[in-house]
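Trainee: For reference, the sequence and a predicted model appear below.
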Amino acid sequence: EPEVTQTPSHQVTQMGQEVILRCVPISNHLYFYWYRQILGQKVEFLVSFYNNEISEKSEIFDDQFSVERPDGSNFTLKIRSTKLEDSAMYFCASSGAPWRITSTDTQYFGPGTRLTVL
Amino acid sequence: AQTVTQSQPEMSVQEAETVTLSCTYDTSESDYYLFWYKQPPSRQMILVIRQEAYKQQNATENRFSVNFQKAAKSFSLKISDSQLGDAAMYFCAYRPETSGSRLTFGEGTQLTVNP
């Protein structure tokens, strides 16, 4: 069964450093998302991406964040200058097969990248 | 703005018994989707079950079923014949009908299964 993959599984960085989190969505999916979950809290939406541009972003997704689909398979989240409060689990998800079936609208999540900012 | 509320931070159940997790939501939309995701200690988000709001029939997936009450904006998850592997954090989530829309999650319910 196709699945979303994410690398690395755990990233440790120093405050102020740039990090790039990588995701490979399910092949043929059209919509891509990033969510984050601070330890002990609920999952929060960051951004969605469709047709090579951001389709929606939350108030959390400020100028420090950017997303990119550099090729036909990868989807990345970049944090330019990390802060202590960026420490969280970051989930990538994808949805939307191009054919109209009931699973089209379900978002499938990757295993997450645990980001630790020191 | 849509909100999702899970009023039970923790629940416990005996193995082989049945447990129900509660979820309420608030929306002005008439068409939308509701989901239950499971998050085991590995923290991966695993889809358990989904419900389309336009469907009156409650969704079922093996031992998992929902009680969807659209007028009451209630969406509870029933786990029958609970197994030790069901122990996890369970999140209720809402998504508008439009493809590509964000998921809005509840706070989660930590389920413990006692042998």
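Mentor: Cool, got the structure. Bear in mind that the values here come from a model prediction, so they are computed numbers and not experimental data. Residues are numbered from 1 along each chain as shown, chains lettered A, B, ... in the order given.
Trainee: Flag every residue of chain B that's near chain A.
Mentor: B:33, B:35, B:37, B:42-47, B:50, B:52, B:91, B:93, B:95, B:99-108 (C-beta under 8 Å from any C-beta of the partner chain). Yep, even glycine has a C-beta here, placed from its N, CA and C like the rest.
Trainee: show me where pLDDT drops low in chain B?
Mentor: B:1 (pLDDT under 70).
Trainee: nearest residue to the most centrally placed residue in it other than its sequence neighbours?
Mentor: In chain B, the C-alpha nearest the mean C-alpha coordinate belongs to residue B:36, at 3.2 Å (C-alpha atoms, centre = their mean). Sequence neighbours aside, residue B:48 is the residue nearest to residue B:36 in space, at 4.3 Å (criterion: C-beta to C-beta, 6 or more residues apart in numbering or on different chains).
Trainee: what's around that neighbour, how many residues?
Mentor: 19 (other C-beta atoms under 10 Å in any protein chain shown).
Trainee: Name the residues of stretch A:40-55 that are buried.
Mentor: A:42, A:43, A:44, A:45, A:46, A:47, A:48, A:49, A:50, A:55 (16 or more other C-beta atoms under 10 Å in any protein chain shown).
Trainee: Which residues does that stretch contact?
Mentor: A:30-38, A:56-58, A:60-61, A:65, A:67, A:69, A:75, A:77, A:90-91, A:96, B:45, B:91, B:93, B:100-108 (C-beta atoms under 8 Å, 6 or more residues apart in numbering or on different chains).
Trainee: So residue A:109 versus residue A:95, what's the distance?
Mentor: Relative to residue A:95, residue A:109 is positioned 10 Å away (C-beta to C-beta, to the nearest Å).
Trainee: These two: which has the busier surroundings?
Mentor: residue A:95 (25 against 22).
Trainee: Identify the bridge partners of that one.
Mentor: residue A:31 (DSSP bridges).
Trainee: That one and residue A:31 touch, don't they?
Mentor: Yes - when contacts are counted by C-beta atoms under 8 Å, residue A:95 is listed as touching residue A:31 (4.8 Å).
Trainee: Find residues that contact each of these two.
Mentor: Joint contacts of residue A:95 and residue A:31 (C-beta under 8 Å, 6+ apart) are A:107, B:99, B:100.
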